[in-house]
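J.: pasting the sequence and the predicted coordinates here, then a few questions.
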Amino acid sequence: EEWKERGAAVGVQREIDANGNTITRVVKKGVKDFSFGRTLGEGSYSTVLAATDRTTLKEYAIKVLDKRHIIKEKKVKYVNIEKNTLNRLGEHPGVVRLYYTFQDERSLYFVLDLAAGGELLGFLKRMTTFDEECTRYYSAQILDTIEYMHSKGVMHRDLKPENVLLDDQMRVKITDFGTAKILDPPKKPPQNGDGPNGMSYPEDPAKGDDSKANSFVGTAEYVSPELLTDKAACKASDLWAFGCIVFQLLSGRPPFKAANEYQTFQKIVGLEYEFPKGFPPVARDLVERLLVLDPAKRLNIEHIKNHEFFDGIEWGRKLWKIKAPRLK
Ligand SMILES: Nc1ncnc2c1ncn2[C@@H]1O[C@H](COP(=O)(O)OP(=O)(O)OP(=O)(O)O)[C@@H](O)[C@H]1O
Ligand SMILES: O=C(O)[C@@H]1CCC(=O)N(CCc2ccc(Cl)cc2)[C@H]1c1ccccc1Cl
């Protein structure tokens, strides 16, 4: 009863402990536990507000989703995907962390890390282009985060500078997991035909890793050719998008951009893109090995980390301790 009168709602806090078990704590966080501040931004089905926990004074970003609008737009699935993906990803410095979820009659609430710096795209637009040092720093943190996501069986599927947020120390915080794909390799090697609704899993479980036919298509400029040709997104699709982002940070524009989506798709499947004059040769080599039509021939994460472009980068924890280079 107390919860009802406080207008609070049951919030669920999930932690992943040392041996990877999910501990679910029921906490009584609700709207009343926060004081809401400025609007950080608006999505198609959501408003994101800055908020402070009245007890701990910790600042958060709270994403508020209107239930009626979600139901009307048939987006309930995406809400669950975002919640499940964020819970699965738990804690990594490059992922916007989900602390609590709660609801009231009208809305759903996601209490998230506050990425006070806003979108990487905003900085890129103001700078026009990043120099190599800044590109190296931001793309290294993005790559480290992609590696973490993939290790947790998560494909982002819509990586782009708008979805790379920055915290108050200009460190990367990747967001927008509503369109991610959780790759659940089969638990036990099932016999053919005893998958859900009689589906049969691929023989080689490793193959089970890459989801087949998908309805979701990301943002035109960053969509991978395999998604366009045989509707199969795979982990390497995130690395295609990564290649597009590296190109865009250094040149100020995405490699594949045309007057409309259809023409953009044509350029992608035809690998029609050009480097601007003065594009740094080492970075060019990296991009050329990522923007490869055959996903199997694209550089994998280990090879990217060892590429000359990232000479000097110390991967792992240290990457998140270094000071962000001044944007120039
Ligand atoms: N954790 C956060 N910290 C700071 N700002 C955020 C955070 N999450 C989102 N924002 C900002 O709020 C805006 C809305 O984000 P939201 O994820 O709700 O919608 P969106 O994904 O941008 O839009 P759409 O739902 O149409 O894809 C974004 O422009 C983003 O810059
Ligand atoms: O999965 C959960 O954590 C709970 C389970 C109980 C519950 O009722 N919800 C809300 C389900 C829901 C999803 C979409 C709409 Cl439009 C309305 C209700 C879920 C929920 C609560 C708060 C925020 C998000 C979600 Cl999915």
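T.: Now that the structure is in, tell me what you want to look at. In this text the structure is predicted, and so the values were computed from the model without any measurement. Ligands and ions are numbered 1, 2, ... in the order given.

J.: can you give me the distance of Asn87 to Gly278?
T.: Going from Asn87 to Gly278 by CB to CB, to the nearest Å gives 44 Å. For the C-beta atoms, the positions are set from N, CA and C on the backbone; glycine is no exception.

J.: could you do Arg54 as well?
T.: As for Arg54, its distance to Gly278 is 52 Å (criterion: CB to CB).

J.: correct me if wrong: Arg289 contacts Leu299.
T.: Yes - counting by CB atoms under 8 Å, Arg289 touches Leu299, with 4.6 Å between them.

J.: pull up the overlap in contacts between these two.
T.: Contact criterion CB atoms under 8 Å, 6 or more residues apart in numbering; residues bridging Arg289 and Leu299 by contacting each: His307.

J.: looking at these two, which is more packed in?
T.: With other CB atoms under 10 Å as the criterion, Arg289 and Leu299 differ in neighbour count, and Leu299 comes out ahead with 19 against 16.

J.: got the end-to-end distance for stretch 94-114?
T.: 12 Å (CA to CA, to the nearest Å).

J.: so how far is it off the chain centroid?
T.: Centre-to-centre, stretch 94-114 and its host chain are 16 Å apart (CA atoms, centre = their mean, to the nearest Å).

J.: mind pulling the model confidence for Gly94?
T.: pLDDT, the model's per-residue confidence, is 98 for Gly94.

J.: ok, it - contacts?
T.: Neighbour list for Gly94: 141-142, 144-145, 148, 171-174, 320 [criterion: CB under 8 Å, 6+ apart].

J.: Thr24 too?
T.: Under the criterion of CB under 8 Å, 6+ apart, the contact list for Thr24 reads 12-14.

J.: among those residues, which ones are buried?
T.: When neighbours are counted using 16 or more other CB atoms under 10 Å, those contain these buried positions: 13-14.

J.: list the ones among the contacts of Thr24 that fall in strands.
T.: When those are checked against strands (DSSP state E), the matches are 12-14.

J.: now the residues you listed in TSV, with distance to ligand 2 and pLDDT?
T.: Compiled in TSV, these are given as follows (distance: CB to the nearest ligand atom, whole Å; pLDDT from 0 to 100):
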residue	distance to ligand 2	pLDDT
Val12	5	70
Gln13	10	73
Arg14	9	76
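
J.: one step back: quick check: the farthest pair among the contacts of Gly94?
T.: In terms of CB to CB, the contacts of Gly94 reach their longest pairwise distance at Tyr148 and Arg171, which sit 13.9 Å apart.

J.: neighbour count for these two, which is higher?
T.: Taking Tyr148 and Arg171 together and counting by other CB under 10 Å, Arg171 has the greater number of neighbours (21 against 18).

J.: how many neighbours does Phe309 have?
T.: Around Phe309 there are 22 residues (other CB under 10 Å).

J.: quick revisit: what about the contacts of Gly94, which one has the most neighbours?
T.: Sorting the contacts of Gly94 by how many neighbours each has (other CB under 10 Å) puts Val172 first, at 27 neighbours.

J.: run the chain-centre distance for the longest helix along the chain.
T.: Longest helix in the chain, counting residues (DSSP state H): helix 132-151. Between the centre of helix 132-151 and the centre of its host chain there is 12 Å, according to CA atoms, centre = their mean.

J.: please name every helix or strand in contact with it.
T.: Under the contact criterion of 3 or more CB pairs under 8 Å, 6 or more residues apart in numbering; DSSP states H and E, the helices and strands touching helix 132-151 comprise strand 172-174, helix 235-251, helix 301-305.
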